[in-house]
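Asker: what would the 3D arrangement of this be:
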Amino acid sequence: MRLKMLVSRSICLFMFALLAISAFTQQPATVPKLESSHSQARLPGPIAPAGAPPASILLIRHAEKLTDGQLDLSPTGFKRASLLPNLFTPGRIDLPIPQVIFATHQSKHSNRPVETVTPLAAALHLPIDSSIAHEGYAALAAELLSGKYAGKVVLVAWHHGTLPALAAVLGVRPPYTPWPDQQFDRVWKIDYKDGKATVLDIPQHLMPGDSN
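Answerer: Take a look at the predicted model:
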């Protein structure tokens, strides 16, 4: 009798184990999902260079703006613009001196990129190419990678909404996306060397309170 009870108990435990294994193997595997922002998901891929790339491309956002919908910089923004030439002094060895300057074409909402780089262009005796509209960042990237600016240092002042996408089509992963609404004091430095593009996020340190 005792032997029968032990055998019966063993059979029950065995059947229970089989049912548990079957239930486990039928459960779908759970794979952790990678977190990504909506902006990251929409970033375009890099475009193929048509010629030798620039040595460096410096991407900046326009300086501080007014909050009443006007298209100009705020007084703080004009102050930052006036100090922008200080980024390219001998003491700032991390930022090479621009040889070409681009800025977003004026729209009915903003002339801030052109206003931002006007003092710098005057200090460097360079023209400002503002022929490309804000939405035309892919056309700008194609122009920059056309071979026309091979080996040069190019500075681009653009709107923050498309700066991550511009960096992406130029061949690098943006340091962050989206560009923060209240951030006006950073430089994304894209370097091209040995067929590879790299990017650094560099502080301007032009005004009190600028980020590190």
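Asker: find the nearest non-adjacent residue to residue 61, please.
Answerer: residue 160 (4.7 Å; Cβ to Cβ, 6 or more residues apart in numbering). Yep, even glycine has a C-beta here, placed from its N, CA and C like the rest.
Asker: from residue 112, how far out is that neighbour?
Answerer: 11 Å (Cβ to Cβ, to the nearest Å).
Asker: same question, residue 171
Answerer: For residue 171, the distance to residue 112 - Cβ to Cβ - is 26 Å.
Asker: tell me which of those two has more neighbours.
Answerer: Per other Cβ atoms under 10 Å, whichever of residue 171 and residue 112 has more neighbours is residue 112, with 28 against 21.
Asker: and the more buried one, backbone torsions?
Answerer: phi -70, psi -40 (degrees, to the nearest 10).
Asker: pLDDT at the closest residue to it other than its chain neighbours, what is it?
Answerer: Counting by Cβ to Cβ, 6+ apart, residue 62 is the residue found nearest to residue 112 once chain neighbours are left out, at 3.7 Å. We have a pLDDT of 97 for residue 62.
Asker: kindly report the same for residue 210.
Answerer: 97.
Asker: which residues in the chain form strands?
Answerer: Taking DSSP state E, the strands of the chain run over residues 56-61, 100-103, 128-129, 153-158, 186-193, 196-203.
Asker: neighbours of the residue nearest to residue 52 when sequence neighbours are not counted, just the number please.
Answerer: Take residue 52 and drop its neighbours on the chain: the residue closest to it by Cβ to Cβ, 6+ apart is residue 150, 3.6 Å away. Other residues near residue 150 number 14, with proximity taken as other Cβ under 10 Å.
Asker: before we move on, the earlier item: roughly how far apart are the residue nearest to residue 61 and residue 151?
Answerer: From residue 160 over to residue 151 (counting by Cβ to Cβ), the distance is 28 Å.
Asker: more crowded one of those two?
Answerer: Set residue 160 next to residue 151 and count neighbours by other Cβ under 10 Å: residue 160 wins out with 17 against 11.
Asker: can I assume that one is in contact with residue 182?
Answerer: No: with contact defined as Cβ atoms under 8 Å, residue 160 and residue 182 do not form a contacting pair (9.8 Å).
Asker: hmm, back to that, the residue nearest to residue 112: what's it in contact with?
Answerer: 73, 77, 104, 110, 112, 113, 115, 116, 157, 158, 159, 184 (Cβ atoms under 8 Å, 6 or more residues apart in numbering).
Asker: for it, give its distance to residue 47.
Answerer: 24 Å.
Asker: residue 180 too?
Answerer: Counting by Cβ to Cβ - residue 180 and residue 47 are separated by 26 Å.
Asker: more neighbours: the two, which one.
Answerer: Set side by side, residue 180 and residue 47 show more neighbours around residue 47, with 15 against 11, by other Cβ under 10 Å.
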